[in-house]
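>>> just coords:
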């Protein structure tokens, strides 16, 4: 086991290829006008992380204000602006693009063994649209910001005196097209650029997830765009569409909005599930359990996602019959979600588990998604939802799913592919510590909020009854712990760029194609077209002491 | 387990409201026990699956930990049809059962009995108005015990939502529509102490004062309730004209205080400080309006409002017509909520603002005769 048979020209370790995608061209323009999916992915990642910092600061301001009932340090209007900005930034600028556009862009073509996505120019355009959307948000801040909640419910959003509503609506409209173009690109890429030998059922599960996500992006996002355009028309031209004072219907707005925004939840969580399938399989070094069930459950979730939007409206004045139907269909989402969780846990069974930072994030996901998913039962059940609707219980539930699951998966994926993207390893000990801090902080923050909600504390409240204060204080302390964890993450990741160890081509022992090219990958990803094998067959991988990574050996040698 | 739940339900019916638990607040309505036992079952399912998943995950990670450099195991199964089918069908069955019970409970929440007692509710930015069949009005909700009560609700500006945690009920109020909410509470709360009654919250975000729309719900025995509504319907009429401004004024001002200060602090609306001088040609009467007009340009003989009183009444009934410079069109109309006698009381208060506490609006003088005791809520 200690000595390996001599191999011809050992690949990339200790003398990394000097010509990789990071060094291929130099200068600002070579980045901002690049057609290389890897650079676009890296720029998306940096932009999304920056937005995450901004959204996170708003979250901390909101939590700090809630330390005491009444005024702590800001007034009610400022608070309303802050929680709105937190929600809008996190949803539209961070979570929706975080996995597909940032990590997906980098990983998807490499996993396919392709040179790039199908439409590189459209891909760059998507990123430029994202920038334009972000600029609109900044313009909105300058023009007086907005206090509508990220949901823009009418008639409040069409009558509020806050000055930045129209610019941010334009921004979200543009971001929607960024998302649609990425989705189209991925659909075509997966259909057309799969290498010979990679049938649909030999695709890595992350690609199944990205494919399902792309379908939702393309089909649902246009509805949001039209809806927000109508809100802008009502504000600017005073045409009554949603405002009853002008003959409109505010409940119609809610239908339009949630017809997009419920599927949007799955734009966030389905790719996260894809990442988790990769992380658990790779770090357990074992064939994923129930590949087909996991793949089909992604597609099932994508389909169900279009049929459940009405569960956001159980108390809106929607008819009892509709509520009943939407309740019944909403439960159906629980089934594929449960299937996935059980399959992941069974993948651990008789695996060879390396407990490192990405895997720790995947395990955190398993617990947090279990809680997030199961509390969905309280909300899909009609009579309990009537009590819990629009309380902190809902806030806690969707943070468990959107942050505790989607974002944690994103951060886990970032750690998983960080060596590939940057060519550097980060400090494992600090990575595990930060993950633990985030996990503890998250639960302290949000589990408390389940109890706030079930005891009757409504959401979006600046002031509250004194009996709720203890929960708010605990929750705020949790948010500070979590912030500490993310700060530590930022520090060791930056440090790894400066002085991190060189990453081997395959640090974790993954069997999908992205681990066959060098870290960081060459400009064209592969010098010669890679041979497609089973994505989760780890039997040909061997640990190589010298490179501190895994290398692929011939089956005969692996048995030696 | 079932017997435990049944006992809980019976105890509630016999003794009074259920006490707060780890998860739920006090329950004081017929729905409450229903919702609470549903919560209890779903929580049980949640804890069971959470424990199962966590224990399995931690155990597998420990048991199958990998030592770097050793060979990977290859003996793990890659699928198991019957097992996977089981954990598809199992959760499905659980979901079907939950749906059915949730649906049953929901039908009860949504179907008011025919003989219910109706109270009209209007929500506005940022307050509530409750109107009783005999014409009585109140800012807090008062209901008779042991009788189904139906709220007939509407909103006058944006979306609001009426939420009474102790009753486990909630319903949005939508401008341009009527919505219903019904409940029954058998346990009187009294209404004398600050801690009496239950919370009533607005749970649909509606702007600056959203979190200040919390009110109390008082449950009174039938006779006490009848007496209260009778007194409440007539409270303004019973006050003699000369006592009107200090007796009724502060009470009515309680609906204005969120936006209009008395001490000159700029709020959502203009402060009342110096208002009478402004509208009657005194200091500040050149104050500008959004359209370019001024107080003295609008008020006076031959102008749009012949008297200052006309202007005040018009500002309360049709507040959007003229906006003081620097303020938005935010105030709802109080037409049908404050009658002429109420307007008189407010105008009287505005004329003698120095007799009132600039922070609370409480009258600072002592009544000339023996202090009257009638204090209608």
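Great, that's in hand. Everything quoted here is computed from the prediction, not taken from an experiment.

>>> in what helix or strand does residue 225 lie?
Just going to use chain A. helix A:205-237 (DSSP states H and E).

>>> meant chain B, my bad for not saying
Residue-wise, residue B:225 maps onto helix B:222-238 under DSSP H and E.

>>> can you list contacts of that helix?
B:132, B:134-138, B:142-147, B:188, B:220, B:248, B:339, B:341-342, B:345, B:374, B:376-377 (CB atoms under 8 Å, 6 or more residues apart in numbering or on different chains). The way it works is simple: take the backbone N, C-alpha and C, and place the C-beta from them, glycine included.

>>> who are the packing partners of the next helix or strand after it?
Remark: after helix B:222-238, the chain's next helix or strand is helix B:244-247, criterion DSSP H and E. Under the contact criterion of 3 or more CB pairs under 8 Å, 6 or more residues apart in numbering or on different chains; DSSP states H and E, helix B:244-247 touches helix B:340-351.

>>> buried ones in the helix it packs on?
Buried residues in helix B:340-351, counted by 16 or more other CB atoms under 10 Å in any protein chain shown: B:342-351.

>>> can you tell me which of these is nearest residue B:285?
residue B:350 (14.4 Å; CB to CB).

>>> and that closest one, how far is that from residue B:239?
17 Å (CB to CB, to the nearest Å).

>>> quick one: distance of the helix or strand hosting residue A:169 to the chain centre.
Following DSSP H and E, one finds residue A:169 within helix A:165-192. Here helix A:165-192 shows a centroid-to-chain-centroid distance of 15 Å under the convention CA atoms, centre = their mean, to the nearest Å.

>>> now do it: which elements does it pack against?
Counting by 3+ CB pairs under 8 Å, 6+ apart, helix A:165-192 packs on helix A:96-97, helix A:105-111, helix A:120-142, helix A:205-237.

>>> tabulate those in TSV, adding columns for mean pLDDT and mean neighbour count.
What follows is these, written out as TSV (pLDDT from 0 to 100; neighbours: other CB atoms under 10 Å in any protein chain shown):
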stretch	mean pLDDT	mean neighbour count
helix A:96-97	93	26
helix A:105-111	94	27
helix A:120-142	95	18
helix A:205-237	92	22
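
>>> need those helices in CSV with distance to chain B, can you?
Shown next, in CSV, are the helices and strands packed on helix A:165-192 (distance: least, CB to the nearest CB, whole Å):
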stretch, distance to chain B
helix A:96-97, 22
helix A:105-111, 20
helix A:120-142, 18
helix A:205-237, 13
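
>>> mind putting those helices into TSV with distance to residue A:312?
TSV is the format used below for the helices and strands packed on helix A:165-192 (distance: least, CB to CB, whole Å):
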stretch	distance to residue A:312
helix A:96-97	17
helix A:105-111	30
helix A:120-142	24
helix A:205-237	14
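
>>> picking up where we left off before, what comes up buried for the helix holding residue B:225?
Residues of helix B:222-238 classed as buried: B:224-225, B:228-229, B:232-233, B:235-236 (neighbour count, 16+ other CB under 10 Å).

>>> which one of those is nearest to residue A:265?
The nearest one, if we look at the buried residues of helix B:222-238 relative to residue A:265 and count by CB to CB, is residue B:225, at 45.6 Å.

>>> before we move on, back to that, just want the angle from the helix holding residue A:169 to helix A:205-237.
150 degrees (axes from the mean of the first three to the mean of the last three CA atoms, to 10 degrees).

>>> state the mean pLDDT of helix A:165-192.
For helix A:165-192, mean pLDDT rounds to 94.

>>> any idea of the angle that helix forms with helix A:120-142?
Using the same axes, to 10 degrees, helix A:165-192 lies at 160 degrees relative to helix A:120-142.

>>> show me what contacts residue B:175?
For residue B:175, counting by CB under 8 Å, 6+ apart, the contacting residues are A:155, A:244-245, A:250, B:154-159.

>>> go again using 7 Å as the cut-off
With contact taken as CB atoms under 7 Å, 6 or more residues apart in numbering or on different chains, residue B:175 is in contact with A:155, A:244, A:250, B:155-158.

>>> just want the phi and psi numbers for residue A:343.
phi -60, psi -40 (degrees, to the nearest 10).

>>> quick one: contacts for it?
With CB under 7 Å, 6+ apart, residue A:343 has these contacts: A:289-290, A:293-294.

>>> pLDDT value on residue A:55, please?
96.

>>> now the strands for chain A?
A:541-544, A:549-552 (DSSP state E).

>>> near chain B at all, the first one?
If I follow you right, that is strand A:541-544. Yes - on the criterion CB under 7 Å from any CB of the partner chain, strand A:541-544 is in touch with chain B at residue A:543.

>>> just give me how far that strand sits from the chain centre.
31 Å.

>>> show me what that strand is packed against.
Applying 3 or more CB pairs under 7 Å, 6 or more residues apart in numbering or on different chains; DSSP states H and E, one finds that strand A:541-544 contacts strand A:549-552.

>>> distance check, the closest residue to residue B:345 other than its chain neighbours against chain A.
Nearest residue to residue B:345, sequence neighbours excluded (CB to CB, 6 or more residues apart in numbering or on different chains): residue B:248, at 3.8 Å. Between residue B:248 and chain A the computed distance is 28 Å (CB to the nearest CB, to the nearest Å).

>>> give the contact list for residue B:248.
With CB under 7 Å, 6+ apart, residue B:248 has these contacts: B:236, B:239, B:342, B:345.

>>> same question for residue A:326.
With CB under 7 Å, 6+ apart, residue A:326 has these contacts: A:308, A:310-311.
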